[in-house]
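> Attaching a predicted model along with its sequence, questions to come.
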Amino acid sequence: MSQTATASLVADLTHRRRAMRRELARVRWWRRLAQARKELVVAQLSCPDPLAAGGMDVTLEALAADAPTSKELAETIWPRGSGATACDLDELSDLDKRLESYEARVSETLDTVTTQMVKAMGDARDGGVRLQSGRYSSEGSNA
């Protein structure tokens, strides 16, 4: 492989690797959001009605004068009201499974591209091509 082709291959692999790392970060971000939402649905489904909590809740809220009430917290955390269902949990679980599968594929692709890039960089080194200022050039040139 010529020095120019090797340098071009390394540059392409570097670009692909950067893109895979960005995509992996994006999918992990979405997974964290889906998992957090799933936890909120579980909490909502298992939480007693804040208005039916009775005297103990009122007593505790009186102790913390500026603390938000259970009603305020519930309305803020679940703005749609008590609309969470087990179906929401199923949908979020399915979404997380799909994201997990996609994350695995992106991660595997990133590993493959990284391996290819390391090999190409080794070939470039062995072929007298070296990295200068973020670009590959033939040994001894000022590019």
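Sure, I can see it. Residues are numbered from 1 along each chain as shown.
> all contacts plus neighbour counts: C-alpha atoms, from now on.
Will do.
> any idea which helix is longest in this protein?
helix 3-46 (DSSP state H).
> Wasn't Ala84 part of a helix?
No - assigned with DSSP: H, G, I helix; E, B strand; the rest coil, Ala84 falls outside any helix and is coil.
> Distance-wise, check it relative to Glu75.
Noted for Ala84: a distance of 13 Å to Glu75, by C-alpha to C-alpha, to the nearest Å.
> Likewise for Ala7?
For Ala7, the distance to Glu75 (C-alpha to C-alpha) stands at 58 Å.
> who has more neighbours, these two?
Using other C-alpha atoms under 10 Å, the more surrounded residue of Ala7 and Glu75 is Ala7, with 23 against 14.
> quick one: low-confidence ranges for the protein?
Residue ranges of the chain with pLDDT under 70: 47-70, 78-83, 129-143.
> so the spatially closest residue to Thr14 that is not a sequence neighbour is in which element?
For Thr14, ignoring the flanking residues on the chain, the nearest one in space by C-alpha to C-alpha, 6 or more residues apart in numbering is Met117 at 6.7 Å. Secondary structure from DSSP states H and E places Met117 in helix 86-126.
> and the angle from that helix to helix 3-46?
160 degrees (axes from the mean of the first three to the mean of the last three C-alpha atoms, to 10 degrees).
> which strands and helices sit next to helix 86-126?
Helix 86-126 sits against helix 3-46, with contacts defined as 3 or more C-alpha pairs under 8 Å, 6 or more residues apart in numbering; DSSP states H and E.
> elements contacting the helix it packs on?
helix 86-126, strand 129-132, strand 135-138.
> what would the ones you listed look like in TSV with mean neighbour count?
Output for these, formatted as TSV (neighbours: other C-alpha atoms under 10 Å):
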stretch	mean neighbour count
helix 86-126	16
strand 129-132	18
strand 135-138	19
